[in-house]
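Chemist: I'd like to go over a predicted model; first the sequence, then the structure.
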Amino acid sequence: MHVVQSPCLKTLSLSWIKNMPLLVFISLSPDITVVKLDGVKVKIQQDSDSTPRLVAPSQTKRRLPQIKNLHYYDHDTGGILAFRSFIFDFEQLQFLQISWGNVPQCALGRKLIKAANKLEGLACAVDSPVKSAAGLAKAILDNSSDVSLTALTIGLSHKTTSPTIPDPDEYDPFLGLIEELVLLAGKNTVKDLMVHFDTTKDTHDELTGCLSRFDEVITREAFPRLERFDLEFWVHYSWPYYAPYGSGLEECWAECNGFQCRGVSTIPGLRFDCPLVIIDG
C-alpha cells in the first residue's frame with residue numbers, strides 16, 4: 001500500500017492479479033501518469049443482501065492521478081475501469097491502448113475515448129476471431145472535434161480457445177476492419193497507421209489473397225495526412241521443414257503480401273512497410 005501511495009511513483013504496471021482490494025486503486029499516488037493493467041480483477045465487497053457495494057465518487061475527494069498513458073487489456077470484460085473509472089483522471093490522456101470487440105470492451109473504449117480530450121495515439125486489440133472491430137470508427141469520430149488523433153494501431157487476432165468456430169462461409173479475416181477504415185475516410189487526422197495480424201498459417205494464406213482490399217481504402221483522399229502505414233504479420237506455424245528455410249520463408253511471404261498492396265505502396269509521400277515474423281507453434 002505504501003508503494004502505490006509514494007509521491008515518487010510515476011508508473012504503475014500490474015498483470016494477472018485476482019481479487020485485488022479496491023482500496024489499492026483509490027489510494028494511488030496522484031503523481032502517477034502511466035498505468036498498465038493486464039488481466040487485473042478487483043475484489044468486490046458484498047453487502048448482507050449479496051449486492052455488490054460500489055465506492056461512490058464522493059469518497060475519492062482527492063487529487064486523482066492524471067493519466068497520460070494508459071495500457072488497459074482485459075480479455076472478456078470491461079473490468080474495473082468499466083464501473084469505477086473515477087479512480088483516474090483521463091482529461092490529460094495522450095495515448096490509450098485497450099481491448100476491443102465485445103460489448104463491455106467497446107462500451108469502455110467509447111467511454112475512455114470520450115473522456116480523453118488530448119488523445120494523440122490509440123491502439124485497439126481485437127483478440128479473438130469471434131470479435132469485431134465494428135464501432136471503432138464511430139467512437140473515434142464522435143470525439144473528433146476535440147481530439148487530434150495522429151497515431152492509430154489496430155491489432156487483429158485469429159487465434160482462439162473459444163468453442164465457437166466462425167462460419168467459414170461468412171468469416172471475415174479482416175474482422176470488420178475494412179468497413180471501419182471506410183467510415184474514417186476523409187474524416188481523420190491520422191499520420192501513422194499500423195494494422196497488426198496475429199494469425200495462423202491457414203488464415204494468413206487466406207488474407208494474402210485479399211490484401212488488395214487495402215488499396216481500396218488506404219488512399220491519399222481517404223487519409224490525407226498519412227505519412228506511414230505498417231501492415232504487420234505474426235504467423236503461428238509449425239512445420240518440420242520450416243527450420244532449414246528460416247528467415248528466407250519470412251521474406252518470401254512478406255514480399256508476396258506487399259505485392260498485393262501495389263496501390264498503397266505507390267501513394268506519394270507514404271512510407272509503407274509489410275514485415276512478417278513466423279512464430280513456431
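Modeler: Nice, I can see it.

Chemist: What segments of the stretch 151-281 of the chain are strands?
Modeler: 151-157, 192-200, 228-236, 271-273, 276-279 (DSSP state E, counting those that start in this stretch).

Chemist: Each with direction, which strands does the last one pair with?
Modeler: According to DSSP bridges, strand 276-279 forms sheet pairs with strand 228-236 (parallel).

Chemist: what do you get for the second one?
Modeler: Paired neighbours of strand 192-200 in the sheet (DSSP bridges): strand 151-157 (parallel), strand 228-236 (parallel).

Chemist: what's the offset of it from the middle of its chain?
Modeler: Taking CA atoms, centre = their mean, to the nearest Å, the mean C-alpha location of strand 192-200 is offset from the chain mean by 10 Å.

Chemist: Equivalent analysis for stretch 190-204, please.
Modeler: Between the centre of stretch 190-204 and the centre of its chain there are 12 Å (CA atoms, centre = their mean).

Chemist: Buried ones in that stretch, by neighbour count?
Modeler: 190-200, 203-204 (16 or more other CB atoms under 10 Å). From N, CA and C alone the C-beta is placed, and that goes for glycine too.

Chemist: what's the farthest-apart pair in these?
Modeler: Greatest spacing in the buried residues of stretch 190-204, by CB to CB: 191 and 200 (31.4 Å).

Chemist: For stretch 125-138, C-alpha coordinates in PDB please.
Modeler: Written as PDB, here are the backbone C-alpha positions of stretch 125-138 (Å, rounded to 0.1, in the frame of the first residue of the first chain):
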ATOM      1  CA  ALA A 125      -6.600  -5.100 -29.900                       C
ATOM      2  CA  VAL A 126      -9.400  -7.400 -31.300                       C
ATOM      3  CA  ASP A 127      -8.100 -10.500 -29.500                       C
ATOM      4  CA  SER A 128     -10.400 -13.200 -31.000                       C
ATOM      5  CA  PRO A 129     -11.900 -14.100 -34.400                       C
ATOM      6  CA  VAL A 130     -15.300 -14.200 -32.800                       C
ATOM      7  CA  LYS A 131     -15.000 -10.400 -32.000                       C
ATOM      8  CA  SER A 132     -15.000  -7.500 -34.400                       C
ATOM      9  CA  ALA A 133     -13.500  -4.000 -34.900                       C
ATOM     10  CA  ALA A 134     -17.100  -2.800 -35.500                       C
ATOM     11  CA  GLY A 135     -17.900   0.500 -33.800                       C
ATOM     12  CA  LEU A 136     -14.300   1.700 -33.500                       C
ATOM     13  CA  ALA A 137     -14.600   4.400 -36.300                       C
ATOM     14  CA  LYS A 138     -17.800   5.800 -34.700                       C
END
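
Chemist: So what touches that stretch?
Modeler: With CB atoms under 8 Å, 6 or more residues apart in numbering as the test, stretch 125-138 has contacts from 73, 75, 97-102, 105-106, 109-110, 124, 154-160, 162, 164, 166, 171, 174-177, 179-181, 183-184, 203.

Chemist: and stretch 218-237, which residues are buried?
Modeler: Here stretch 218-237 shows 218-219, 222-223, 226, 229, 231-237 as buried, counting by 16+ other CB under 10 Å.

Chemist: now those as TSV including distance to residue 142?
Modeler: Listed next are the buried residues of stretch 218-237 as TSV, based on distance: CB to CB, whole Å:
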residue	distance to residue 142
218	22
219	23
222	19
223	19
226	21
229	24
231	27
232	28
233	31
234	31
235	35
236	35
237	39
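
Chemist: Pick out whichever of those sits closest to residue 256.
Modeler: Nearest to residue 256, judged by CB to CB, of the buried residues of stretch 218-237 is residue 233 at 10.8 Å.

Chemist: what sits against the closest residue to residue 268 other than its chain neighbours?
Modeler: Nearest-residue entry for residue 268: residue 220, 7.0 Å, with adjacent residues in sequence omitted and distances by CB to CB, 6 or more residues apart in numbering. The contact partners of residue 220, taken as CB under 8 Å, 6+ apart, are 226, 267-270.
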